[in-house]
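In: Okay, predicted coordinates and the sequence, questions at the end:
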Amino acid sequence: MIKLEALTGHHDRSGFDCGVDALNVWLKQTAMQHQSKGISRTFVGVPEDAAVANDYQAMGYAEINTNSILGFYALASASILIEDLPPAWVKRYPRQIPVTRLGRLAIRADMQRQGLGRLLLADAVHRAKTAAQAVGSAGLFVDAKDDQAARFYQRYGFKACDSQPLKLYLPIG
Ligand SMILES: CC(C)(COP(=O)(O)OP(=O)(O)OC[C@H]1O[C@@H](n2cnc3c(N)ncnc32)[C@H](O)[C@@H]1OP(=O)(O)O)[C@@H](O)C(=O)NCCC(=O)NCCS
């Protein structure tokens, strides 16, 4: 199994490749800086322990160890305008609302389509809901990078804004 924990300098960021350069580079170059400045929080999925890392090695993932990042996501506070939300919410909220932005979500290219993305997304929703108990946040907001990514989020209840199909929202309030 994998465990999810906050990104630290011990994790092997340079070995991560999800197939999307912008996401790889962000993890390598920006995630730790943003973390230390409180701009965003990054959470990584890693093998639960050495035995699990060994299991991955036995399955052919030769270089995996307990610091290997199998997937990650980042959360940040944000404020959005009502026109960026799907129409159903327009009447419920004031013009500008606090949200939690799911900035990035990515799984190693050779481990995609194995359920890890769903697991990390569930963890992000849970974390955002817990944080919203202490600091107001009406929902999770995501800028999907393309139509495929938007479809992934829609599977889990995110609704797209009519005019901007890559902006998706999930209420958590
Ligand atoms: C998008 C991404 C995070 C999904 O993670 P994943 O581990 O491959 O997805 P999962 O295996 O958990 O799949 C969960 C479900 O979503 C579906 N799914 C996965 N990727 C999908 C995609 N690109 N488009 C549509 N559906 C997708 C799966 O078929 C699965 O559905 P099922 O349970 O009915 O079979 C991953 O493919 C990825 O890292 N892609 C590259 C980076 C990226 O595009 N990130 C999004 C940034 S906005």
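Out: Nice, I can see it.
In: now the strands: where do they sit in this protein?
Out: 2-6, 41-47, 71-81, 96-107, 139-143, 159-160, 167-171 (DSSP state E).
In: Any part of stretch 89-108 near the ligand?
Out: Yes: counting by CB under 6 Å from any ligand atom, contacts between stretch 89-108 and the ligand involve 105-107. Heads up, the C-betas are built off the backbone N, CA and C, glycines and all.
In: Specify the beta-bridge partners of the most centrally placed residue in the chain.
Out: To find the centre residue of the chain, average its C-alpha atoms and take the closest one (CA atoms, centre = their mean): that gives Tyr73, at 2.9 Å. For Tyr73, the residues forming beta bridges with it (DSSP bridges) are Phe43, Leu105.
In: And the one 5 residues further on, by the same measure?
Out: Beta bridges link Ala78 to Val99 when assigned by DSSP bridges.
In: count of neighbours near the residue of the chain found nearest the ligand?
Out: In the chain, the residue found nearest to the ligand is Gly117; the distance is 2.0 Å by CB to the nearest ligand atom. Using other CB atoms under 10 Å as the criterion, Gly117 is surrounded by 22 other residues.
In: What separation do you get for it and Ala109?
Out: Distance of Gly117 to Ala109, computed by CB to CB, to the nearest Å: 12 Å.
In: Let me see the mean pLDDT of stretch 152-167.
Out: In this model, stretch 152-167 has a mean pLDDT of 92.
In: Let's see that stretch as CSV, backbone CA atoms only.
Out: Once non-C-alpha atoms are left out, stretch 152-167 reads as follows in CSV (Å, rounded to 0.1, in the frame of the first residue of the first chain):
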residue,chain,number,x,y,z
PHE,A,152,-11.2,12.6,-14.7
TYR,A,153,-12.4,15.2,-12.2
GLN,A,154,-16.0,15.0,-13.5
ARG,A,155,-16.1,11.3,-12.7
TYR,A,156,-15.8,12.3,-9.0
GLY,A,157,-18.5,15.0,-8.9
PHE,A,158,-16.6,18.1,-10.1
LYS,A,159,-18.8,20.3,-12.3
ALA,A,160,-17.5,22.4,-15.1
CYS,A,161,-18.3,26.0,-15.6
ASP,A,162,-20.4,26.4,-18.8
SER,A,163,-18.3,29.0,-20.5
GLN,A,164,-14.9,27.6,-19.3
PRO,A,165,-15.0,23.7,-19.4
LEU,A,166,-11.5,23.3,-17.9
LYS,A,167,-12.5,25.1,-14.7
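In: any residue of that stretch up close to the ligand?
Out: Yes: counting by CB under 6 Å from any ligand atom, contacts between stretch 152-167 and the ligand involve 152, 155.
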